[in-house]
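Trainee: everything below, folded, please.
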Amino acid sequence: MTAETLDGLTAVVTGASSGVGAAAARQLAARGASVVVVGRAVTRTRAVADEVGGTALPADFARFSEVRELARHLISRIPRIDILVNNAGVVSPKRQTTPDGHELTVQVNFLSPSC
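Mentor: As a prediction, this is how the structure comes out:
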């Protein structure tokens, strides 16, 4: 099996500051994609972006204002998104409410990707 080249394509990976998202960003970059690394943790997000030669965009999906700002930034600066990896997610052992008034897991995993 050969790896498909992604030269000239732009990929946006949410939840890419660690784990599966960071691994996806690395694989996409290794195949030639230009990668936008989105994550809640500013330092880790920048570290992954630097590692893959991509762009870091910090955003916390527990805040609709940050998700909307991310969307504005992407729309204004990226002419086309070829690959979108919606990987941002959270699992919390106890009930937490976001500043927007929603249960944390529901907002991050379900509401924010479509807000």
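
Trainee: check this protein for its longest helix and report it.
Mentor: Assignment by DSSP state H gives helix 64-77 as the longest helix of the chain.

Trainee: does anything pack onto that helix? Which helices or strands?
Mentor: Applying 3 or more Cβ pairs under 8 Å, 6 or more residues apart in numbering; DSSP states H and E, one finds that helix 64-77 makes contact with strand 55-58. For the C-beta atoms, the positions are set from N, CA and C on the backbone; glycine is no exception.

Trainee: partner strands of the strand it packs on, with direction?
Mentor: Sheet pairing here is set by DSSP bridges, and for strand 55-58 it gives strand 34-39 (parallel).

Trainee: right, and the helix or strand after the strand it pairs with?
Mentor: Scanning forward in sequence from strand 34-39 by DSSP states H and E, the next helix or strand is helix 42-52.

Trainee: on contacts alone, who are the packing partners of that next one?
Mentor: Secondary-structure packing of helix 42-52 (3+ Cβ pairs under 8 Å, 6+ apart): helix 19-30, strand 34-39, strand 55-58.

Trainee: give me the contacts around the longest one.
Mentor: By Cβ atoms under 8 Å, 6 or more residues apart in numbering, the residues outside helix 19-30 that reach it are 3, 6, 11, 13-16, 35, 37, 39, 48-49, 51-54, 83, 85, 87-88.

Trainee: what does stretch 75-95 give?
Mentor: Identification of contacts with stretch 75-95 by Cβ under 8 Å, 6+ apart yields 6, 9-16, 20-21, 24, 28, 33, 36, 38-40, 61-62, 74, 103-105, 108-109, 112-113.
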